[in-house]
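Novice: Here is a sequence with its predicted model. Questions after.
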Amino acid sequence: MNQEFERSKVPEVTLVFWIIKILATTLGETGGDAVSMSMDLGYAVSSFIFIGIFVVAVIAQISAKKFHPFLYWLVVIATTTAGTTMADFADRSLGIGYPGGASLLFVLLMASLAIWYRSAGTISVNTVSTPRIEIFYWVAILFSQTLGTALGDWMADTNGLGYDGGALVFTAGLVLIAAGYFFTRISRTLLFWGAFILTRPLGATLGDLLDKPLDNGGFAFSRFYATGILAAVIIACVAFLPQRAGTHPGKSQATPG
């Protein structure tokens, strides 16, 4: 019997994947703040805009027949910008604060993953190859990005660690997850989702570190300037760093005699 492997619609999880993911989440913070704060559109209107972009991008992604790196990362960036303004809207405009916002988003993320698992029997990203599974995947991604934003703001602002201190805390968490990957037998799927969630608050704190005023512990870069630089770096990474679709076992086929 020969084992046939099917190509996923999402990239193989490699070091390149995580580099671009962190850049994308950092851009999500600076880009989201640029629209909601610098352009003074507010969190609700900005969320509406970014959710609209996300819907259009994710429809194009799901309609595609195979993995396209630029399209995939466009959808990820749409989730990070939407996640930034949605988390800020929940934390600040709704008045439930960082603990309330983070708790609500955690429940929504766990619910989306539970529904996905109940429907498909797995939440492994390597199985994202059909429209139905892609819908589960992108809903979970959107909630994880929004949760990550709330966690980043909560850690940096409420706990008094500052943006650099918050970035160090989340980096330490990612180091522990990497150690779990290399030195333990903990579920790779569990480790992936843990890392995916933590890279978002890392990006959020790095984005805030870039664009917040000097008096608030930031570097006071223009949000538009920082967003433009990050976008250019992401485009270069997607264009020149190798990426390929993930694979998962398909149907076994008999070996021809």
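Specialist: In hand now; what should we look at?

Novice: what residue ranges in the stretch 151-257 of the chain score low on pLDDT?
Specialist: 156-160, 217, 248-257 (pLDDT under 70).

Novice: Can you show me the strands along it?
Specialist: Under the criterion DSSP state E, counting those that start in this stretch, the stretch 151-257 of the chain contains strands at 245-253.

Novice: Kindly provide the distance from F17 to S124.
Specialist: 15 Å (CB to CB, to the nearest Å). Where you see a C-beta, it was placed from the backbone N, CA and C, and this is true even at glycine.

Novice: again, but for G52
Specialist: 30 Å.

Novice: With neighbour numbers in mind, choose between those two.
Specialist: S124 (18 against 12; other CB atoms under 10 Å).

Novice: The spatially most central residue of the chain in helix, strand or coil?
Specialist: In the chain, the centroid-proximal residue (CA atoms, centre = their mean) is Q145; its distance is 4.6 Å. At Q145 the chain is in helix, as set by DSSP: H, G, I helix; E, B strand; the rest coil.

Novice: OK, contacts around it?
Specialist: T25, G28, T79, T80, A82, G83, R200 (CB atoms under 8 Å, 6 or more residues apart in numbering).

Novice: what's the closest of these to L206?
Specialist: T25 (8.1 Å; CB to CB).

Novice: Is it correct that the closest one is in contact with L202?
Specialist: Yes - the criterion here is CB atoms under 8 Å, and T25 meets it with L202 at 7.0 Å.

Novice: picking that back up, from the contacts of Q145, which land in helices?
Specialist: Within the contacts of Q145, residues falling in helices by DSSP state H are T25, G28, T79, T80, A82, G83, R200.

Novice: And the helices in the stretch 151-257 of the chain?
Specialist: Taking DSSP state H, counting those that start in this stretch as the test, the helices found in the stretch 151-257 of the chain are 162-183, 188-211, 223-240.
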